[in-house]
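*Asks:* need a structure here:
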Amino acid sequence: MPDLTTLALFAVATLALLLVPGPAVLYIVTRSVAQGRTAGMLSVMGIHLGSVVHVAAAALGISALLAASATAFTVVKYLGAAYLVWLGVRKLMAARTEGDAPAELGTASRSRLFWEGFVVNVLNPKTAIFFLAFLPHFTDPARGPIAPQIVVLGLIWIVLGLTSDGAFALLSSALAGRLRGSARARRRLNVTSGVVYLGLGAVAAFTGESAQAARA
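*Replies:* Below is the predicted model of the structure:
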């Protein structure tokens, strides 16, 4: 089990990433704007059922990767960091244009809202990269097997994700009219998102070196 300091740092890093609009958040906002609060909350529930898939895959896959090759793990780590930096640069470039407007979607049934949310997050590269390249920095082989630690961290991710994404759903459904038309708000969101992605990319690349040495 990670110590309390590690859990607190992980919670802060998780919130930073969750608050950056990616495919899951954009899906939630779009559905909330188009169909209201209930649609948004159903989308949130589907998305975090998808998070369970990522937690299970990380618990199994990262443990196997660590056991097999420290070099392979390092490669995954730097690829993940590079991807986060690329996302940050892309967001900053997008801020120079109109911004990312939520797409208009037709009305969908409750079951479709839920399962589309599930698919969106299972295929969400931001979530996958977080679990494969960022989350392992918060584990410590000296404190026991890696897989249970990842499960604990993953559960924290899901709880915080339900909270933050639920807030996005409630807020966007309440401000539906303004979100449909504000290019300035979208530009500011892109700048903030880009800076956070760049910061997380730097953390993923340059932290955890002592832990990597221990694993090697």
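*Asks:* what's the distance between residue 35 and residue 47?
*Replies:* Taking Cβ to Cβ, to the nearest Å as the measure, residue 35 and residue 47 are separated by 15 Å. Backbone N, C-alpha and C define where each C-beta goes, glycine included.
*Asks:* and the longest helix for this structure?
*Replies:* Selection of the longest helix in the chain by residue count, based on DSSP state H, yields helix 37-68.
*Asks:* before we move on, back to that, which one of residue 35 and residue 47 is surrounded by more residues?
*Replies:* residue 47 (28 against 20; other Cβ atoms under 10 Å).
*Asks:* wait, what's in contact with the more buried one?
*Replies:* For residue 47, the set of contacting residues under the criterion of Cβ atoms under 8 Å, 6 or more residues apart in numbering consists of 24, 27-28, 117-118, 120-121, 161, 165.
*Asks:* so for the helix or strand containing residue 157, what's the average pLDDT?
*Replies:* The secondary structure element spanning residue 157 is helix 146-174 (assigned by DSSP states H and E). For helix 146-174, the mean per-residue pLDDT is 89.
*Asks:* can you check stretch 117-136 too?
*Replies:* In this model, stretch 117-136 carries a mean pLDDT of 76.
*Asks:* list the buried residues of that stretch.
*Replies:* Of the residues in stretch 117-136, those scored as buried under the neighbour-count criterion (16 or more other Cβ atoms under 10 Å) are 117-118, 120-122, 124, 126-136.
*Asks:* and if you look at stretch 139-154?
*Replies:* Along stretch 139-154, these residues count as buried under the neighbour rule (16+ other Cβ under 10 Å): 139-140, 146-147, 149-150, 152-154.
*Asks:* so which of the residues you listed comes closest to residue 6?
*Replies:* residue 140 (7.3 Å; Cβ to Cβ).
*Asks:* does that closest one touch residue 150 like I think?
*Replies:* No. Under the criterion of Cβ atoms under 8 Å, residue 140 is not in contact with residue 150, lying 11.5 Å apart.
*Asks:* neighbours around residue 78, how many?
*Replies:* As a burial measure, the neighbour count of residue 78 was computed by other Cβ under 10 Å and equals 12.
*Asks:* got the phi/psi numbers for residue 20?
*Replies:* Residue 20 has phi and psi values of phi -80, psi 120 when expressed as degrees, to the nearest 10.
*Asks:* which of the contacts of residue 47 fall within helices?
*Replies:* In helices, defined here by DSSP H, the members of these are 24, 27-28, 117-118, 120-121, 161, 165.
*Asks:* and which of those is nearest to residue 7?
*Replies:* After measuring the ones in helices among the contacts of residue 47 against residue 7 - Cβ to Cβ - the closest member comes out as residue 161, at 15.7 Å.
*Asks:* which ones are touching the closest one?
*Replies:* With contact set as Cβ under 8 Å, 6+ apart, residue 161 has these partners: 14, 18, 47-48, 51.
*Asks:* which residues touch residue 22?
*Replies:* Shown in contact with residue 22 (Cβ under 8 Å, 6+ apart): 124, 126-127.
*Asks:* what's the spacing between residue 157 and residue 163?
*Replies:* Separation of residue 157 from residue 163 (Cβ to Cβ): 11 Å.
*Asks:* who has more neighbours, these two?
*Replies:* When neighbours are counted by other Cβ under 10 Å, residue 157 comes out ahead of the other of residue 157 and residue 163, with 27 against 12.
*Asks:* do you know how far the closest residue to that one other than its chain neighbours is from residue 34?
*Replies:* The spatial neighbour of residue 157 that comes closest, neighbours along the chain excluded (Cβ to Cβ, 6 or more residues apart in numbering), is residue 14 at 5.4 Å. Relative to residue 34, residue 14 is positioned 28 Å away (criterion: Cβ to Cβ).
*Asks:* nothing else from me, thank you.
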